[in-house]
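Novice: show me how the following folds:
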Amino acid sequence: MPTQLECRQGDIANQPDMDAVVNAANAELRPGGGVAGALHRAAGPELDRACRPLAPIAPGQAVITEAFGLPNRHVIHCLGPVYGRDKPEAELLAACYRNALSLAEQHGISSLAFPALSAGAFGYPLEEATRIALTTVSETLPQCPGIERVRFVLFDADSTEVFQRTLDSLG
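Specialist: The predicted structure follows:
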């Protein structure tokens, strides 16, 4: 059965039916704004303590921790590229998704939820970030037979519409 890919508007910190959620992390894996702030607030201070020995990470890298107070088993932390600064940004962004899926496969995670990596404070244009995200995930999933479901959780209706439209065009 092919992996189910879905897009929905919602709160990345409240995905109780997912084994793991993906954090749009900063290099130091510390609490911050956006997705990182929401996940750290919901998970509690244990997440920050678990992240410290793993930092710093480079753009494109992914690391995994327990989820602590979140309703998931794991958090996969990815550092997306800052648009216009981290080069080559498209390859680094694709590496985030590939590395996150690889970690999920290695840890027996069958379902995971991604935010739109790099599309917020890191300034990646949404349409391009969406195309890279969905194309990379679609191309990587055949090497990850244990992953049954991937969800993109978007903060607002406009982003959700862009992701859904792009996903529909890939089908």
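Novice: what helix or strand does Leu167 sit in?
Specialist: According to DSSP states H and E, Leu167 maps onto helix 157-170.
Novice: could you list the buried residues of that helix?
Specialist: Ser159, Thr160, Val162, Phe163, Gln164, Thr166, Leu167 (16 or more other CB atoms under 10 Å). Quick note: C-beta positions are derived from backbone N, CA and C, even for glycine.
Novice: do stretch 41-56 as well
Specialist: Buried residues in stretch 41-56, counted by 16+ other CB under 10 Å: Ala42, Ala43, Leu47, Ala50, Cys51.
Novice: enumerate every residue touching the second one.
Specialist: With contact set as CB atoms under 8 Å, 6 or more residues apart in numbering, Ala43 has these partners: Ala13, Ala67, Phe68, Gly69, Leu70, Val75.
Novice: roughly how far does the fourth one sit from Pro45?
Specialist: As judged by CB to CB, to the nearest Å, Gly69 and Pro45 stand 9 Å apart.
Novice: tell me what the lengthiest helix in the chain is packed against?
Specialist: Determined from DSSP state H, the single longest helix within the chain is helix 89-106. When contacts are defined as 3 or more CB pairs under 8 Å, 6 or more residues apart in numbering; DSSP states H and E, helix 89-106 packs onto strand 62-66, strand 74-78, strand 111-114, helix 126-140.
Novice: can you redo the buried residues of stretch 41-56 as JSON lines with pLDDT and secondary structure?
Specialist: Shown next, in JSON lines, are these (pLDDT from 0 to 100; DSSP: H, G, I helix; E, B strand; the rest coil):
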{"residue": "Ala42", "pLDDT": "97", "secondary structure": "helix"}
{"residue": "Ala43", "pLDDT": "98", "secondary structure": "helix"}
{"residue": "Leu47", "pLDDT": "98", "secondary structure": "helix"}
{"residue": "Ala50", "pLDDT": "98", "secondary structure": "helix"}
{"residue": "Cys51", "pLDDT": "97", "secondary structure": "helix"}
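Novice: name all residues that make contact with Asn23.
Specialist: For Asn23, the contact set (CB under 8 Å, 6+ apart) comprises Val35, Ala36, Leu39, Val75, Ile76, His77, Cys78, Pro115.
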